[in-house]
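Q: need coordinates for the following:
(chains A, B, C and D)
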4 protein chains.
Amino acid sequence: MQTLKIGLIGTGYMGKAHAIALKAAPTVFSLSATPVCELLAEVDDELAEWKARELGFARSTGNWKALVADPDIDVVDICSPNFLHKEMALAAIAAGKHVYSEKPLALSAADAQKMVEAAEQAGVKTLVGFNYIRNSATQLAREIVESGEIGELIHFRGRHNEDYMTDPRVSHGWRTRRETAGAGALGDVGSHILNMAEYLTGQRISEVFGQLQTVIPRRPLADGSGGMGEVENDDQAQALLRFDGGLIGNIETSRVATGRKMGLAYTLTGTKGSIIFDQERMSELQLYKHEGPEGRRGFSTLLIGPEHPDYAAFSPAAGHGLGYNDQKIIEVRDLVEGIVGNRPLFPDFREAWRVNRMIEAIERSHAEGGWVVV
Amino acid sequence: MQTLKIGLIGTGYMGKAHAIALKAAPTVFSLSATPVCELLAEVDDELAEWKARELGFARSTGNWKALVADPDIDVVDICSPNFLHKEMALAAIAAGKHVYSEKPLALSAADAQKMVEAAEQAGVKTLVGFNYIRNSATQLAREIVESGEIGELIHFRGRHNEDYMTDPRVSHGWRTRRETAGAGALGDVGSHILNMAEYLTGQRISEVFGQLQTVIPRRPLADGSGGMGEVENDDQAQALLRFDGGLIGNIETSRVATGRKMGLAYTLTGTKGSIIFDQERMSELQLYKHEGPEGRRGFSTLLIGPEHPDYAAFSPAAGHGLGYNDQKIIEVRDLVEGIVGNRPLFPDFREAWRVNRMIEAIERSHAEGGWVVV
Amino acid sequence: MQTLKIGLIGTGYMGKAHAIALKAAPTVFSLSATPVCELLAEVDDELAEWKARELGFARSTGNWKALVADPDIDVVDICSPNFLHKEMALAAIAAGKHVYSEKPLALSAADAQKMVEAAEQAGVKTLVGFNYIRNSATQLAREIVESGEIGELIHFRGRHNEDYMTDPRVSHGWRTRRETAGAGALGDVGSHILNMAEYLTGQRISEVFGQLQTVIPRRPLADGSGGMGEVENDDQAQALLRFDGGLIGNIETSRVATGRKMGLAYTLTGTKGSIIFDQERMSELQLYKHEGPEGRRGFSTLLIGPEHPDYAAFSPAAGHGLGYNDQKIIEVRDLVEGIVGNRPLFPDFREAWRVNRMIEAIERSHAEGGWVVV
Amino acid sequence: MQTLKIGLIGTGYMGKAHAIALKAAPTVFSLSATPVCELLAEVDDELAEWKARELGFARSTGNWKALVADPDIDVVDICSPNFLHKEMALAAIAAGKHVYSEKPLALSAADAQKMVEAAEQAGVKTLVGFNYIRNSATQLAREIVESGEIGELIHFRGRHNEDYMTDPRVSHGWRTRRETAGAGALGDVGSHILNMAEYLTGQRISEVFGQLQTVIPRRPLADGSGGMGEVENDDQAQALLRFDGGLIGNIETSRVATGRKMGLAYTLTGTKGSIIFDQERMSELQLYKHEGPEGRRGFSTLLIGPEHPDYAAFSPAAGHGLGYNDQKIIEVRDLVEGIVGNRPLFPDFREAWRVNRMIEAIERSHAEGGWVVV
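A: Alright, predicted model coming up:
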């Protein structure tokens, strides 16, 4: 059995989720190659060693450059803070490695473009972790749209709202600084819904009209000085959308949407039916079909089951439910199969670059007060 | 006991709803005056007589001008097709009658303005039937916002989507013509959510950025000729909003939102909590408060009960539910008390005029591609 | 137009609901006769006069026997406390009046039987106010079951739980005394779900196995003495059921079901589909059909609309919602049409007697520890 | 790092779920020992080898007795068909192995008792896979009950209904035969809710009154003969319950509950609050507290998050959701920690034996028509 040796950089929230998925994927799916948790990099040797033991990696290093240079490594898996993605990915590409990076790919479209060009020149595979598109229910939504089952799409409504910064005591940190985060809510959670809008509709967002707002303009500095710092990016954003297929729609995103914990949700309206989804109930999809007797029409709650994409690998029985980490397991399956089968990965760096361009178009539109072409 | 003699013009959907409410209101509420179903006007004498018997009016006429001129009538209640509102209201005002008109008040802001000026000069009371703001749950939402219980508002999301024109075989009629309907979905159902946005937030919409679309550009003519006619107004519309208190938000409206029957819904996000409401479940409100132990926070489903505005008059027990017509009963109560007590009515013609101006601002913004001041 | 002159006894919760319905019904429906709010009886002349003015009755009396004897009255409408139903109904029947009584009909099956016999001998019409079976959604459920659309019924689950006596400070009053209330939760709210079980399934409950419990055995006396009294009936009850058509099922009822305000709910499982209903969301029904592609099956939320029983009289547009009082309006329609058309009414005294017998069978089963034939 | 070498017997639905959990658990949790997927047994060598490769086991065998006898194996993990549990567990115990068995433990209480006695005499650890009690939301429910937060429990309602045998074409197989399955729905899915009833309430079910029914009495034989066979156990069952702490309640279970896919659900009613849970929405819990202003009380939807039991190991952010397999990961954690720490496991064979006794008490009660002491 072929193996793919993985070098993981960063062991925070996402690093752990990647590790779990790498461990579980070969048992959930019949993979063409086994991903091997080979090498783990953290900020120093000690932490790296501890985390390697905890997450089940064979070796560790306190120097990510050593990881990138390691001849044994096939795939560099980047789960570091966002502002480090670019440098690490470019180094990995230069070393001829495939790159599996967390989102957002980069802090700017210009940076993302450089990464795309490097990867494409080097001929390495890239994958960016927009994991929510891999949820079985969302894959099902895509399938229903694509099949024409709800007719022609006429409206898309999407949001990704959370409230992790509702509390004004949350400090001014890397997330609230332009230099380290780029856009605020729009770049962080908003990137998911922008990517998903194109995935679900099969259309490209061609023009945007955006509005951004920093709701809490000053936050306490993290240095314990008691001082306050100016927040440099958006707490919430919204945009009207034109798609290249004639569809219109809108998106909303927020990090101060009080009460929303995993508020990624969408409504797809078609000429013959509609779909409603809410990630807080990630294992169900609401489907309406404009057919049959009028007195029997209503939104049906489809519980995800083995007839739906990728579910059967987790359970043969409907309604048993997928969790957050299961999405990452599907993502790892796609990574492995794409690399081994030499097939295009989605979303790759090029696709993720689009997300950066959409974010910047929304920002520019906000500044200019008019529609901006993506 | 004082009486208010009502002259009703028009006996379609809304005319019947008004009649039911006029009959029930004095029993539900202890009113300062009894509304009397005195005179009913329809397009001809025969229909008028039949409808008067059916809806319980004392007298009838095939000539609405006779109704307006009738010295016994205190209030002219206009439930005719929208394009007739202006002429009838102006005649009623000229005759010194109070006017209770269905929405939308007029087909254009200019017309609405004339009606406002006439009414204010004549010193008559006016009320426009934006009935959804009278639902107990929505009054509760307003109460919660006003009290500061969810902090300062930071986002408003509203929609009023229905699917009564999803079927492309629905004919080209008065609703799809500029001359008889003015705006399309935006003027019809959209007017509700625009009015409600200001009601709920207590702020004025100061600027809009709008986008309109006619999804089904041609519909069969109603004349049986088999020909098709060009639809002259919007099937769906959306807008970003700026409020004068700094709040931002958005609205959506549609008459082709497949699957939505009574899709008026809103989310009010505040710095300390949030409210979610859906008119399809009109007797409940979702409330989130950012307080108490983190592990016990969640959206609570409040079933409307006697502690909430106006519910106790219908039932002393919580959770028993209000229906569509109950909102009209509350509206009639407000009409009667406002006239008898000589208090301002809400929303009166001046307020409804704002709705026309918001609609036109959204249309102009769509045409111009930029923000438009209301 | 024919009239039916109504004499109403009692103006509490239900008396007002009846008055509202009597006023509104002729406008909502095209009735064969107009119910006239003629005479109202309360415990003394003064209260009666005040209430007659408030609820819109032409005359009043402080003596219910005068009402029953009044030659002008066609229908005696009994909304007095439960323990008075028997005496009043027997007097009304003796006077040859039709009787419209609130539930429960009587405090015991023996009493109910006497009332049935008197009414049938006198040949008067009787109707008992089990209003929830008239809700459009529940009529639809009955229609679906009857049509065979969900196959043969194999299980019924029903409950009517509320929490109006959860608070231990609620005093020992007429509800908690055997002499004035008969059974506790089982007689009060439980009677609704027992009646509904037979209505929905079209089968008779033939045997029951019951269990009752007084959760709060002592409550403060209402006399302000500070003393406590022994509660004499059940706070909660449950029973397994055998129906005469082979169906099995269960019911639950409670007045201490903390958090439930209008907790009447049922699930009907058939061999080809299922129905779920919850009165707290009274304008929707969940329907599952075991047909079509497996990946598209799910419970559909049907919003009640004009295709469903009796809805169109309230609104021509789906999803606009019925309220509690609308059920009473339908009940009044049935009363009027049954009397004028000389058709059987449902549920009449005979049917309500069954409810008393089911309650007593459950109580006896609880005492004996075995199945009891109804 | 210590290891626990696992020998897995059976690779169907549950075998795979165990394998996934064994692989993922050490990364999700910081375990005191690493479970190692050492040896896998299937019905023949070839299948065993294939499955070992697929599920990631080091070695394989076509003879489960060899697995049990293997000196390297610490834990025998039994995922074979139910009727084989007894023989395999006894053999494993005889070989001094710890046993991790799928539910139901045995086909009869007598068999289960033998297994309990053997295990206790041998001093090995045992764990039975009632995985739903490990779901974070259900652990939270237990925590809330235990803390007294909803007062004293007064009612328990539970069900585990599915529809995997709704279709009458599902053949007569091991599930429908007494010899191979024991009880029907009651033994299969019913065992979960019986176990959970005691887990959640912290009380023992002392007496039951049961009712069973075979809805589809004959099913097609699986031999392709076209013949039909008599179903030998229940398709649906229900029971009233008395708990030893005074609590009453009821359970329902079915394999023909048309439309229910993962219909494990419960309502816990207390004197000061209530909890509602539905496994089809496994990452949320509804909580009602009878406190605070009456107009602000309602069931709150708690999205499971890091403040709740075991969630933080999967994700640091609330609302991201657990899936079916995550419950098994928690179960593996408990297995490992219990063995390494020499702590009691729950539910062990003794606890699972209770489930068998409750099942048999319900069956006996059905036969006898009266309450049966467990």
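
Q: now do the strands in the stretch 251-374 of chain A.
A: With strands called from DSSP state E, counting those that start in this stretch, the stretch 251-374 of chain A shows them at A:263-270, A:273-278, A:284-289, A:299-303, A:372-373.

Q: give me the sheet partners of the last one and which way each runs.
A: Applying DSSP bridges, strand A:372-373 is found paired with strand A:205-213 (antiparallel).

Q: which residues touch the partner strand?
A: A:184, A:186, A:194, A:197-198, A:234-244, A:358, A:361-366, A:370-374, B:154, B:209, B:211, B:240, B:242, B:248 (Cβ atoms under 8 Å, 6 or more residues apart in numbering or on different chains). Placement of C-beta: from N, CA and C, glycine included.

Q: what packs against the next helix or strand after that strand?
A: Counting by DSSP states H and E, the next helix or strand C-terminal to strand A:205-213 is strand A:218-220. Packing partners of strand A:218-220 (3 or more Cβ pairs under 8 Å, 6 or more residues apart in numbering or on different chains; DSSP states H and E): strand A:228-230.

Q: each with direction, which strands does the helix or strand following the strand it packs on pair with?
A: Under the assignment DSSP H and E, the closest C-terminal helix or strand after strand A:228-230 is strand A:236-243. Here strand A:236-243 has these sheet partners by DSSP bridges: strand A:205-213 (antiparallel), strand A:248-254 (antiparallel).

Q: distance from the longest helix belonging to chain A to the middle of the chain?
A: Secondary structure of chain A read by DSSP state H shows that its longest helix is helix A:349-368. Centroid separation for helix A:349-368 versus its chain: 15 Å, with Cα atoms, centre = their mean, to the nearest Å.

Q: ok and it relative to strand B:236-243, angle-wise?
A: For helix A:349-368 against strand B:236-243, the angle by axes from the mean of the first three to the mean of the last three Cα atoms, to 10 degrees is 60 degrees.

Q: what's the average pLDDT for helix A:349-368?
A: For helix A:349-368, the mean pLDDT works out to 98.

Q: over to stretch A:70-85?
A: Taken as a whole, stretch A:70-85 carries a mean pLDDT of 97.

Q: for it, measure first residue to last.
A: Using Cα to Cα, to the nearest Å, one end of stretch A:70-85 lies 18 Å from the other.

Q: mind listing what's buried in that stretch?
A: For stretch A:70-85, a neighbour-count test (16 or more other Cβ atoms under 10 Å in any protein chain shown) marks A:70, A:73-80, A:82-83, A:85 as buried.

Q: now for these: which two are most distant?
A: Within those, two members stand farthest from each other by Cβ to Cβ: A:Asp74 and A:Phe83, at 25.5 Å.

Q: chain center to stretch A:33-51, what's the gap?
A: Relative to its chain's centre, stretch A:33-51 lies at 23 Å (Cα atoms, centre = their mean).

Q: contacts for that stretch?
A: Under the criterion Cβ under 8 Å, 6+ apart, residues A:1-11, A:15, A:19, A:22-23, A:25-26, A:52, A:55-64, A:66-67, A:70, A:72-73, A:75, A:332, A:335-336, A:339-340 lie in contact with stretch A:33-51.

Q: filter these to the buried ones?
A: The neighbour-count criterion (16+ other Cβ under 10 Å) marks A:4-11, A:15, A:19, A:22-23, A:25-26, A:52, A:55-57, A:59-61, A:64, A:67, A:70, A:73, A:75, A:332, A:335-336, A:339 among the contacts of stretch A:33-51 as buried.

Q: narrow these to those in helices?
A: The helices, defined by DSSP H, take in A:15, A:19, A:22-23, A:25-26, A:52, A:55, A:64, A:67, A:332, A:335-336, A:339 from the buried ones among the contacts of stretch A:33-51.

Q: can you name the residues that contact the residue in the stretch 1-150 of chain A positioned nearest to chain B?
A: Closest approach between the stretch 1-150 of chain A and chain B, counting by Cβ to the nearest Cβ: A:Ile150, at 7.4 Å. By Cβ under 8 Å, 6+ apart, the residues touching A:Ile150 are A:144, A:268, A:270-275, A:287-289, B:258.

Q: quick check: residues of chain A near chain C?
A: Applying Cβ under 8 Å from any Cβ of the partner chain, we find that chain A lies next to chain C at A:140, A:284, A:287, A:293-303, A:305, A:307-308.

Q: give me the buried entries from the residues you listed.
A: Neighbour counting by 16+ other Cβ under 10 Å classes A:140, A:284, A:287, A:295, A:297-303, A:305, A:308 among these as buried.

Q: which one of these is nearest to C:Ala89?
A: A:Gly295 (38.2 Å).

Q: quick check, central residue of chain A?
A: By Cα atoms, centre = their mean, the mean C-alpha position of chain A lies nearest to A:Phe130, the distance being 2.0 Å.

Q: residue ranges in the stretch 201-350 of chain A under the pLDDT threshold?
A: By pLDDT under 70, the stretch 201-350 of chain A contains no weakly predicted segment.

Q: so where do the strands sit in the stretch 1-150 of chain A?
A: Under DSSP E, counting those that start in this stretch, the stretch 1-150 of chain A gives strands at A:3-9, A:34-41, A:59-61, A:75-78, A:98-101, A:126-128.

Q: next, format those strands as JSON lines and append distance to C:Asn135.
A: JSON lines is the format used below for the strands of the stretch 1-150 of chain A (distance: least, Cβ to Cβ, whole Å):
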{"stretch": "strand A:3-9", "distance to C:Asn135": "58"}
{"stretch": "strand A:34-41", "distance to C:Asn135": "57"}
{"stretch": "strand A:59-61", "distance to C:Asn135": "66"}
{"stretch": "strand A:75-78", "distance to C:Asn135": "57"}
{"stretch": "strand A:98-101", "distance to C:Asn135": "55"}
{"stretch": "strand A:126-128", "distance to C:Asn135": "52"}
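
Q: looking at the ones you listed, which is nearest to B:Ala312?
A: Across the strands of the stretch 1-150 of chain A, the minimum distance to B:Ala312, taken as Cβ to Cβ, is reached by strand A:126-128, at 56.0 Å.

Q: and the closest one, what does it pack onto?
A: Counting contacts by 3+ Cβ pairs under 8 Å, 6+ apart, strand A:126-128 packs against strand A:98-101, helix A:324-340, helix A:349-368.

Q: go through those and name the closest to A:Leu31.
A: With Cβ to Cβ as the measure, helix A:324-340 is the member of the helices and strands packed on strand A:126-128 nearest A:Leu31 (5.1 Å).

Q: so for the closest one, what gets flagged as buried?
A: For helix A:324-340, a neighbour-count test (16+ other Cβ under 10 Å) marks A:324-339 as buried.

Q: which one of those is nearest D:Gly319?
A: Relative to D:Gly319, and with distances defined as Cβ to Cβ, the nearest of those is A:Tyr324, at 9.1 Å.
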